[in-house]
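Colleague: sequence and predicted model, in that order:
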Amino acid sequence: AQSVSQHNHHVILSEAASLELGCNYSYGGTVNLFWYVQYPGQHLQLLLKYFSGDPLVKGIKGFEAEFIKSKFSFNLRKPSVQWSDTAEYFCAVNPLSGGYQKVTFGIGTKLQVIP
Amino acid sequence: DTAVSQTPKYLVTQMGNDKSIKCEQNLGHDTMYWYKQDSKKFLKIMFSYNNKELIINETVPNRFSPKSPDKAHLNLHINSLELGDSAVYFCASSPRDRGPEAFFGQGTRLTVV
(Lines give C-alpha, C1' and ligand atoms only; values in the text may rest on other atoms or scores of the structure.)
Protein backbone atom coordinates (compact mmCIF):
# COMPACT_ATOMS: atom_id res chain seq x y z
CA ALA A 1 0.00 0.00 0.00
CA GLN A 2 1.13 3.52 -0.72
CA SER A 3 2.22 5.27 2.44
CA VAL A 4 4.13 8.03 4.15
CA SER A 5 6.65 7.02 6.80
CA GLN A 6 8.08 9.16 9.54
CA HIS A 7 10.65 7.05 11.28
CA ASN A 8 11.25 9.17 14.35
CA HIS A 9 8.15 9.22 16.51
CA HIS A 10 9.59 11.14 19.42
CA VAL A 11 12.72 13.26 19.32
CA ILE A 12 14.23 15.05 22.30
CA LEU A 13 16.87 17.72 21.70
CA SER A 14 18.59 20.42 23.68
CA GLU A 15 18.32 23.99 22.50
CA ALA A 16 20.81 24.88 19.76
CA ALA A 17 21.09 21.27 18.62
CA SER A 18 20.58 20.49 14.96
CA LEU A 19 17.42 18.75 13.80
CA GLU A 20 16.68 16.32 11.04
CA LEU A 21 13.32 14.55 10.80
CA GLY A 22 12.92 11.81 8.25
CA CYS A 23 10.05 11.39 5.82
CA ASN A 24 9.80 8.72 3.15
CA TYR A 25 6.96 7.93 0.81
CA SER A 26 6.14 5.04 -1.45
CA TYR A 27 4.33 6.71 -4.37
CA GLY A 28 6.02 6.12 -7.71
CA GLY A 29 4.82 9.10 -9.72
CA THR A 30 5.00 12.87 -9.39
CA VAL A 31 4.25 14.16 -5.93
CA ASN A 32 3.83 17.41 -4.06
CA LEU A 33 5.41 17.35 -0.62
CA PHE A 34 4.67 19.25 2.56
CA TRP A 35 5.65 19.61 6.17
CA TYR A 36 3.10 20.80 8.68
CA VAL A 37 3.66 21.76 12.31
CA GLN A 38 1.17 21.46 15.15
CA TYR A 39 2.09 23.35 18.32
CA PRO A 40 0.56 22.04 21.56
CA GLY A 41 -3.17 22.64 21.53
CA GLN A 42 -3.05 24.35 18.17
CA HIS A 43 -4.13 23.59 14.63
CA LEU A 44 -1.84 22.47 11.84
CA GLN A 45 0.17 25.13 10.06
CA LEU A 46 2.06 24.79 6.82
CA LEU A 47 5.81 24.90 7.43
CA LEU A 48 7.06 24.43 3.86
CA LYS A 49 6.16 22.85 0.56
CA TYR A 50 7.74 21.40 -2.56
CA PHE A 51 5.98 21.40 -5.91
CA SER A 52 8.84 21.48 -8.41
CA GLY A 53 12.19 23.13 -9.09
CA ASP A 54 14.97 23.44 -6.53
CA PRO A 55 14.78 20.34 -4.34
CA LEU A 56 16.01 22.31 -1.33
CA VAL A 57 13.11 24.34 -0.04
CA LYS A 58 13.10 26.87 2.74
CA GLY A 59 10.17 27.42 5.02
CA ILE A 60 9.23 29.58 7.94
CA LYS A 61 11.16 29.84 11.21
CA GLY A 62 14.46 28.66 9.72
CA PHE A 63 13.26 25.25 8.62
CA GLU A 64 14.27 23.69 5.33
CA ALA A 65 13.66 20.39 3.61
CA GLU A 66 15.38 18.51 0.83
CA PHE A 67 13.57 16.41 -1.74
CA ILE A 68 15.70 13.48 -2.88
CA LYS A 69 13.72 11.78 -5.62
CA SER A 70 15.93 8.70 -5.83
CA LYS A 71 15.40 8.04 -2.13
CA PHE A 72 11.71 8.99 -2.08
CA SER A 73 12.56 11.24 0.84
CA PHE A 74 11.72 14.73 2.04
CA ASN A 75 13.60 15.25 5.28
CA LEU A 76 13.07 18.31 7.43
CA ARG A 77 16.06 20.14 8.89
CA LYS A 78 16.89 23.04 11.13
CA PRO A 79 20.46 23.97 12.10
CA SER A 80 19.65 25.14 15.62
CA VAL A 81 16.39 24.40 17.39
CA GLN A 82 14.71 26.57 19.99
CA TRP A 83 12.43 25.68 22.87
CA SER A 84 9.56 27.22 20.89
CA ASP A 85 10.03 24.54 18.21
CA THR A 86 8.50 21.99 20.58
CA ALA A 87 5.61 20.62 18.53
CA GLU A 88 4.39 17.74 16.42
CA TYR A 89 5.65 17.68 12.84
CA PHE A 90 3.74 16.02 10.03
CA CYS A 91 4.98 15.15 6.59
CA ALA A 92 2.30 15.07 3.87
CA VAL A 93 2.36 13.74 0.33
CA ASN A 94 0.02 14.58 -2.52
CA PRO A 95 0.42 12.17 -5.44
CA LEU A 96 -0.75 14.08 -8.48
CA SER A 97 -2.30 10.97 -9.97
CA GLY A 98 -4.86 11.10 -7.19
CA GLY A 99 -5.85 14.69 -7.79
CA TYR A 100 -4.93 17.77 -5.83
CA GLN A 101 -7.33 17.05 -3.01
CA LYS A 102 -5.88 13.66 -2.14
CA VAL A 103 -3.22 13.89 0.53
CA THR A 104 -1.75 11.40 2.92
CA PHE A 105 -0.17 12.45 6.19
CA GLY A 106 2.56 10.66 8.06
CA ILE A 107 1.93 9.64 11.64
CA GLY A 108 3.87 12.63 12.94
CA THR A 109 7.04 13.20 14.93
CA LYS A 110 6.84 14.73 18.34
CA LEU A 111 9.75 17.10 18.93
CA GLN A 112 10.60 18.11 22.45
CA VAL A 113 13.25 20.80 22.89
CA ILE A 114 14.79 21.08 26.32
CA PRO A 115 15.96 24.55 27.40
CA ASP B 1 -10.04 37.63 11.43
CA THR B 2 -9.99 33.87 11.73
CA ALA B 3 -9.47 32.26 8.32
CA VAL B 4 -11.02 28.87 9.05
CA SER B 5 -13.28 28.70 12.07
CA GLN B 6 -14.92 25.68 13.64
CA THR B 7 -17.56 25.45 16.28
CA PRO B 8 -17.68 24.13 18.87
CA LYS B 9 -14.09 23.79 20.03
CA TYR B 10 -15.00 21.09 22.53
CA LEU B 11 -17.90 18.68 22.39
CA VAL B 12 -18.72 16.07 25.01
CA THR B 13 -21.73 13.88 24.34
CA GLN B 14 -23.20 10.49 25.12
CA MET B 15 -23.18 7.46 22.90
CA GLY B 16 -26.09 7.31 20.53
CA ASN B 17 -26.55 11.06 20.23
CA ASP B 18 -26.47 13.04 16.99
CA LYS B 19 -24.20 16.07 16.79
CA SER B 20 -22.94 18.59 14.25
CA ILE B 21 -19.72 20.51 13.86
CA LYS B 22 -19.74 23.69 11.83
CA CYS B 23 -16.96 25.09 9.69
CA GLU B 24 -16.65 28.37 7.87
CA GLN B 25 -13.80 29.85 5.85
CA ASN B 26 -13.45 33.45 4.78
CA LEU B 27 -10.53 32.94 2.42
CA GLY B 28 -12.57 32.56 -0.74
CA HIS B 29 -11.24 29.03 -1.24
CA ASP B 30 -13.05 26.58 -3.47
CA THR B 31 -12.11 23.42 -1.61
CA MET B 32 -12.88 22.39 1.93
CA TYR B 33 -12.01 19.26 3.90
CA TRP B 34 -12.71 17.34 7.05
CA TYR B 35 -9.88 15.47 8.74
CA LYS B 36 -9.95 13.18 11.75
CA GLN B 37 -6.99 13.06 14.15
CA ASP B 38 -7.10 10.12 16.48
CA SER B 39 -5.56 9.72 19.93
CA LYS B 40 -2.24 8.71 18.38
CA LYS B 41 -2.20 11.94 16.38
CA PHE B 42 -2.73 10.10 13.11
CA LEU B 43 -4.39 12.51 10.68
CA LYS B 44 -6.69 11.09 8.03
CA ILE B 45 -8.80 12.80 5.43
CA MET B 46 -12.51 12.08 5.63
CA PHE B 47 -14.16 14.28 3.01
CA SER B 48 -13.26 16.88 0.45
CA TYR B 49 -15.68 19.28 -1.21
CA ASN B 50 -14.88 21.43 -4.22
CA ASN B 51 -17.34 24.29 -4.69
CA LYS B 52 -20.09 22.39 -2.85
CA GLU B 53 -19.44 19.17 -4.77
CA LEU B 54 -18.21 16.06 -2.96
CA ILE B 55 -14.81 15.08 -4.36
CA ILE B 56 -13.37 12.69 -1.81
CA ASN B 57 -15.26 10.40 0.50
CA GLU B 58 -12.82 8.11 2.23
CA THR B 59 -13.89 4.98 4.04
CA VAL B 60 -16.02 6.67 6.64
CA PRO B 61 -19.15 5.19 8.24
CA ASN B 62 -22.30 6.57 6.68
CA ARG B 63 -23.19 7.92 10.11
CA PHE B 64 -20.96 10.80 9.07
CA SER B 65 -22.58 13.15 6.60
CA PRO B 66 -21.00 16.37 5.35
CA LYS B 67 -23.19 19.23 4.24
CA SER B 68 -22.00 22.18 2.19
CA PRO B 69 -24.68 24.87 1.90
CA ASP B 70 -22.24 27.12 0.05
CA LYS B 71 -18.56 27.05 -0.77
CA ALA B 72 -17.64 28.92 2.41
CA HIS B 73 -19.23 26.35 4.72
CA LEU B 74 -18.75 22.65 5.27
CA ASN B 75 -20.56 21.18 8.24
CA LEU B 76 -20.14 17.67 9.59
CA HIS B 77 -23.12 15.83 11.01
CA ILE B 78 -22.62 12.62 12.95
CA ASN B 79 -25.47 10.26 13.79
CA SER B 80 -25.56 7.64 16.53
CA LEU B 81 -22.21 8.58 18.01
CA GLU B 82 -19.92 5.77 19.16
CA LEU B 83 -17.01 5.70 21.60
CA GLY B 84 -14.60 5.26 18.67
CA ASP B 85 -15.69 8.57 17.20
CA SER B 86 -13.80 10.37 19.95
CA ALA B 87 -11.08 12.35 18.22
CA VAL B 88 -10.12 15.82 17.12
CA TYR B 89 -11.84 16.83 13.89
CA PHE B 90 -10.15 19.45 11.74
CA CYS B 91 -11.76 21.44 9.00
CA ALA B 92 -9.48 22.86 6.33
CA SER B 93 -9.70 24.81 3.11
CA SER B 94 -7.45 25.38 0.14
CA PRO B 95 -7.48 27.24 -3.15
CA ARG B 96 -8.50 25.24 -6.20
CA ASP B 97 -5.80 22.77 -7.26
CA ARG B 98 -3.62 23.46 -4.21
CA GLY B 99 -5.06 20.66 -2.09
CA PRO B 100 -2.51 19.91 0.57
CA GLU B 101 -1.52 23.56 0.86
CA ALA B 102 -4.40 23.92 3.23
CA PHE B 103 -5.39 26.25 6.01
CA PHE B 104 -6.64 24.37 9.03
CA GLY B 105 -9.19 25.31 11.62
CA GLN B 106 -8.49 25.07 15.35
CA GLY B 107 -10.07 21.65 15.61
CA THR B 108 -13.04 20.29 17.49
CA ARG B 109 -12.24 17.84 20.25
CA LEU B 110 -15.12 15.38 20.34
CA THR B 111 -15.42 13.11 23.37
CA VAL B 112 -18.07 10.42 23.36
CA VAL B 113 -18.87 8.98 26.77
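Modeller: That came through fine.
Colleague: isn't B:Phe90 up against B:Phe103?
Modeller: No - here B:Phe90 lies out of contact with B:Phe103, judged by CB atoms under 8 Å, at a distance of 10.5 Å. C-betas here are computed from N, CA, C, even on glycine.
Colleague: who has more neighbours out of those two?
Modeller: Neighbour totals were compared for B:Phe90 and B:Phe103, and B:Phe90 leads with 25 against 18 (other CB atoms under 10 Å in any protein chain shown).
Colleague: that one and B:Thr13: what is the separation?
Modeller: For B:Phe90, the distance to B:Thr13 (CB to CB, to the nearest Å) stands at 18 Å.
Colleague: where's A:Ile107 relative to chain B, distance?
Modeller: 5 Å (CB to the nearest CB, to the nearest Å).
Colleague: for that residue, which three-state class applies?
Modeller: coil (DSSP: H, G, I helix; E, B strand; the rest coil).
Colleague: that one: neighbour count?
Modeller: Using other CB under 10 Å, A:Ile107 has 17 other residues around it.
Colleague: same deal with B:Leu76?
Modeller: 22.
Colleague: then A:Lys61?
Modeller: 13.
Colleague: kindly report the same for B:Val88.
Modeller: Applying other CB under 10 Å, I find that B:Val88 has 20 neighbouring residues.
Colleague: other residues contacting stretch B:8-24?
Modeller: Contacts to stretch B:8-24, defined as CB atoms under 8 Å, 6 or more residues apart in numbering or on different chains, come from residues B:4-7, B:32, B:34, B:72-83, B:89, B:91, B:105-113.
Colleague: chain A next: which of those residues are close?
Modeller: B:Gly105, B:Gln106, B:Gly107 (CB under 8 Å from any CB of the partner chain).
Colleague: in those residues, which residue is surrounded by the most others?
Modeller: Of these, with other CB under 10 Å as the count, B:Gly105 tops at 27 neighbours.
Colleague: just the buried residues out of the contacts of stretch B:8-24, in ChimeraX syntax.
Modeller: Only the buried entries of those go into this ChimeraX selection, using 16 or more other CB atoms under 10 Å in any protein chain shown:
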select /B:4,6,32,34,72,73,74,75,76,78,81,89,91,105,106,107,108,109,110,112
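Colleague: quick check, central residue of chain B?
Modeller: B:Trp34 (3.1 Å; CA atoms, centre = their mean).
Colleague: among the contacts of stretch B:8-24, name the ones in strands.
Modeller: Members of the contacts of stretch B:8-24 lying in strands (criterion: DSSP state E): B:4-7, B:32, B:34, B:73-78, B:89, B:91, B:108-112.
Colleague: would you mind listing what in chain A touches chain B?
Modeller: So chain A meets chain B at A:32, A:34, A:38, A:42-46, A:49, A:88, A:90, A:92-94, A:99-105, A:107-108, A:110 (CB under 8 Å from any CB).
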